[in-house]
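> give me the fold of what follows.
(one chain, ligands or ions: 1)
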Amino acid sequence: MTEFRAPKGVPEYFPPRSSAFLAVREALAYPARHAGYGYIELPVFEDTALFVRGVGESTDVVSKEMYTFLDRGERSISLRPEGTAGVMRSIVENRLDKAGLPVKLWYAGPFFRAERPQHGRYRQLQQVGIEAVGSEDPALDAEVIALADEAYRRLGLRHYRLDLTSLGCAQCRPAYRESLSAFLAGLDLDPATRERAAQNPLRVLDDKRPEVQAQLGDAPLMVDALCTDCQRHYDQVREFLVDAGVHWQEAPRLVRGLDYYTRTTFEFTHEMLGAQSGIGGGGRYDGLMESVGGDALSGIGFGLGTDRTLLACEAEGLEPGAGAAVAVFLVPIGAPARHVCVRLARELRAAGLSADIAYGERGLKGSMKAADRSAAPFVVIVGDDEVATDTVGVKEMGTGEQQTVPLAEVVAHLADRLASTTTNLDHARKDPRVQNP
Ligand code: HAM
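Model (predicted):
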């Protein structure tokens, strides 16, 4: 029993599973990076008021789940519970919107929510997100959704679905809200639910309890109350989604946990994850930039859960990032060979080939065990004879075949053979799709 433990509800990723985590993160970001989204590295903590104003005071995320503290200058600081508000703050502060619209950005990293920990629900959660700000083009809504869908497909995921709806805008939502409130007032609801209905009647639509759901059959729906502009926008989003080859389900009762959404709103869920099935979600936000002090620019984006996407891959038996950690494992036998191997490792790495060495003078048997464990497709063996003749032994682990290669040629020799050998190694980094065709 160690003295220290990681904080409750905080997952850690270490080898071998951490390579799967990295591969998932890479796969989630890959489509956006290839669609013109630039990278933004955001602060992990911000002024508390940014989240209160941006995400919404009435949301659980802000009112119950934020890690908030006073810093040494007595300023109220919060660990970021999500990324969209911070991106808006950065666009406004750094005038990123002055260099042409839409501003397209992607980000990745940890977010913090003091939730009750359970499988797939963490207090430090990882997301890959994108935001596209400054265009109301419905084709952009479709692009954002299609990029998420492509990311999941690249990983080989199949058991997920996309729920889609429109939440209307400042023109049509107030009237809808009123009609929903009037409907809810006539139902048999407990005081806590009434309280929620008063704060945000839309939240009640998402109540999972059967006694509440049973009464909601005739509840008015936002999609039936959209204004002409919102209806046209939503129709066009769906036409572009067809162009993009994306399948979705209409989800007129979809409610998201953040207050800023307007118009297009969506969520991806995975059917094998139990209660925490949301693997990603997002939508359009009309008033957010303004609420943090910027111009009235509309934006749309998503946040994809890296932790949960990894769990989804594992549930489907996929192994993102599987394969050897290095391409070449060097085994020195004897002191002079160790110098040869250290120099050779440097040359291999400089040539773009990953390499590791059997450290710690383990002898041939112990070193070959380490080589096996590394799963490297090629092992280079250097003993006194090889040092004397300026050669090395190159063993292909898949076939067991070994040959002697001049030391001066071994980098080129291995580069050649690795290029024609199918390993997961570099493919994983360059194109995650190769792993799970
Ligand atoms: P969100 O739905 O709150 O949206 O989070 C996005 C994703 O993060 C979720 O679908 C889920 O996969 C993951 N996630 C959230 N909370 C947890 C948790 N406690 N443990 C594990 N995973 C979690 C947002 O955060 C918005 N900022 C997305 C967005 C960007 N909308 C527009 N632009």
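
> and the nearest residue in space to residue 71 that is not next to it in sequence, what are its bridge partners?
Among residues not flanking residue 71 along the chain, residue 77 sits closest, at 4.9 Å (Cβ to Cβ, 6 or more residues apart in numbering). Backbone N, C-alpha and C define where each C-beta goes, glycine included. For residue 77, the beta-bridge partners under DSSP bridges are residue 47, residue 69.

> which ones are touching residue 77?
Neighbouring residues of residue 77 by Cβ atoms under 8 Å, 6 or more residues apart in numbering: 45-48, 68-71.

> and which of those residues is nearest to the ligand?
residue 46 (13.3 Å; Cβ to the nearest ligand atom).

> okay, now that closest one: neighbour count?
The number of residues packed near residue 46 is 19, by other Cβ atoms under 10 Å.

> pop the domain breakdown of the chain in here.
17-172+226-315, 328-434 (automatic domain parsing).

> how about the strands of the stretch 151-300 of the chain, start to end?
Assigned by DSSP state E, counting those that start in this stretch, the stretch 151-300 of the chain shows strands spanning 160-166, 249-250, 262-270, 278-285, 299-305.

> of those strands, which is nearest the ligand?
Among the strands of the stretch 151-300 of the chain, strand 299-305 sits nearest to the ligand (Cβ to the nearest ligand atom), with 2.1 Å.

> can you name the next helix or strand after the closest one?
helix 306-315 (DSSP states H and E).

> hmm, that following helix touching the ligand?
Yes. Helix 306-315 is in contact with the ligand by Cβ under 6 Å from any ligand atom, via 307-308.

> could you give the angle of that helix to strand 299-305?
Going by axes from the mean of the first three to the mean of the last three Cα atoms, to 10 degrees, helix 306-315 is angled at 50 degrees with respect to strand 299-305.

> now helix 306-315: buried residues?
Using 16 or more other Cβ atoms under 10 Å as the test for burial, helix 306-315 gives 306-313.

> close to the ligand: what parts of the stretch 201-350 of the chain are there?
Taking Cβ under 6 Å from any ligand atom as the test, the list of the stretch 201-350 of the chain residues beside the ligand reads 257-258, 278-283, 301-303, 305, 307-308.

> can I get the residues you listed in TSV with distance to residue 96?
Output for those, formatted as TSV (distance: Cβ to Cβ, whole Å):
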residue	distance to residue 96
257	27
258	22
278	29
279	29
280	24
281	24
282	19
283	21
301	14
302	19
303	19
305	26
307	29
308	29
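
> which two in the residues you listed are spaced the farthest apart?
283 and 307 (21.1 Å; Cβ to Cβ).

> circling back: which of the domains of the chain sits most buried?
domain 17-172+226-315 (a mean of 19; mean count of other Cβ atoms under 10 Å).

> hang on, residue 19 packs against residue 321?
Yes. In this structure residue 19 lies within contact range of residue 321 using Cβ atoms under 8 Å: 4.1 Å.

> still on that earlier bit, quick one: the residues of the stretch 201-350 of the chain next to the ligand as a markdown table, columns for pLDDT and distance to residue 345 too.
Formatted as a markdown table, those follow (pLDDT from 0 to 100; distance: Cβ to Cβ, whole Å):
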| residue | pLDDT | distance to residue 345 |
| --- | --- | --- |
| 257 | 86 | 49 |
| 258 | 90 | 48 |
| 278 | 97 | 44 |
| 279 | 98 | 39 |
| 280 | 98 | 40 |
| 281 | 98 | 45 |
| 282 | 98 | 44 |
| 283 | 98 | 49 |
| 301 | 98 | 43 |
| 302 | 98 | 41 |
| 303 | 98 | 40 |
| 305 | 98 | 37 |
| 307 | 98 | 34 |
| 308 | 98 | 38 |
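
> between these, which sits nearest residue 377?
For these, the minimum distance to residue 377 (Cβ to Cβ) is 30.3 Å, reached by residue 307.

> quick one: the closest one and residue 120 touch, right?
Yes. At 6.9 Å, residue 307 and residue 120 qualify as touching, with contact defined as Cβ under 8 Å.

> next up, the contacts around the nearest residue to residue 149 once chain neighbours are set aside.
Distances taken as Cβ to Cβ, 6+ apart put residue 246 closest to residue 149, at 4.9 Å, once the chain neighbours are dropped. By Cβ under 8 Å, 6+ apart, residue 246 lies in contact with 142, 145-146, 149, 162.

> want to throw those into TSV with secondary structure, pLDDT and distance to the ligand?
TSV is the format used below for the contacts of residue 246 (DSSP: H, G, I helix; E, B strand; the rest coil; pLDDT from 0 to 100; distance: Cβ to the nearest ligand atom, whole Å):
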residue	secondary structure	pLDDT	distance to the ligand
142	helix	98	15
145	helix	98	11
146	helix	98	15
149	helix	98	14
162	strand	98	12
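
> from those, pick the one nearest residue 28.
For the contacts of residue 246, the nearest to residue 28 is residue 149 (11.4 Å; Cβ to Cβ).

> distance of residue 182 relative to residue 293?
To residue 293, residue 182 is 35 Å away according to Cβ to Cβ, to the nearest Å.

> no, scratch that, I was asking about residue 346
51 Å.

> got the contact list for the host helix or strand of residue 342?
Secondary structure from DSSP H and E places residue 342 in helix 335-350. Helix 335-350 is contacted by residues 328, 330-332, 354-357, 361, 380, 382-384, 386-387, 392, 407, 410-411, 414 when judged by Cβ under 8 Å, 6+ apart.

> from these, which land in strands?
Among those, the members found in strands (DSSP state E) are 328, 330-332, 355-357, 380, 382, 392.

> wait, residue 297 sits on residue 132?
No. Residue 297 lies out of contact with residue 132 (Cβ under 8 Å); the separation is 10.5 Å.

> intersection of neighbour lists for the two?
By Cβ under 8 Å, 6+ apart, no residue touches both residue 297 and residue 132.

> contacting residues around residue 332?
338, 340-341, 357-358, 367, 382.

> and with 6 Å instead?
338, 341, 382 (Cβ atoms under 6 Å, 6 or more residues apart in numbering).

> try residue 324
By Cβ under 6 Å, 6+ apart, residue 324 lies in contact with 375-376.

> point out the residues in the stretch 51-200 of the chain that sit beside the ligand.
Counting by Cβ under 6 Å from any ligand atom, the stretch 51-200 of the chain comes close to the ligand at 82-84, 113, 115, 120-122, 125, 127, 129, 131.

> okay if I get the residues you listed as CSV plus secondary structure and pLDDT?
Converted to CSV, those look like this (DSSP: H, G, I helix; E, B strand; the rest coil; pLDDT from 0 to 100):
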residue, secondary structure, pLDDT
82, coil, 98
83, coil, 98
84, helix, 98
113, coil, 98
115, coil, 96
120, coil, 97
121, strand, 98
122, coil, 98
125, strand, 98
127, strand, 98
129, strand, 98
131, strand, 98
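
> can those residues go into a markdown table with extra columns for distance to residue 372?
Output for these, formatted as a markdown table (distance: Cβ to Cβ, whole Å):
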| residue | distance to residue 372 |
| --- | --- |
| 82 | 44 |
| 83 | 42 |
| 84 | 47 |
| 113 | 42 |
| 115 | 42 |
| 120 | 34 |
| 121 | 38 |
| 122 | 35 |
| 125 | 36 |
| 127 | 37 |
| 129 | 40 |
| 131 | 46 |
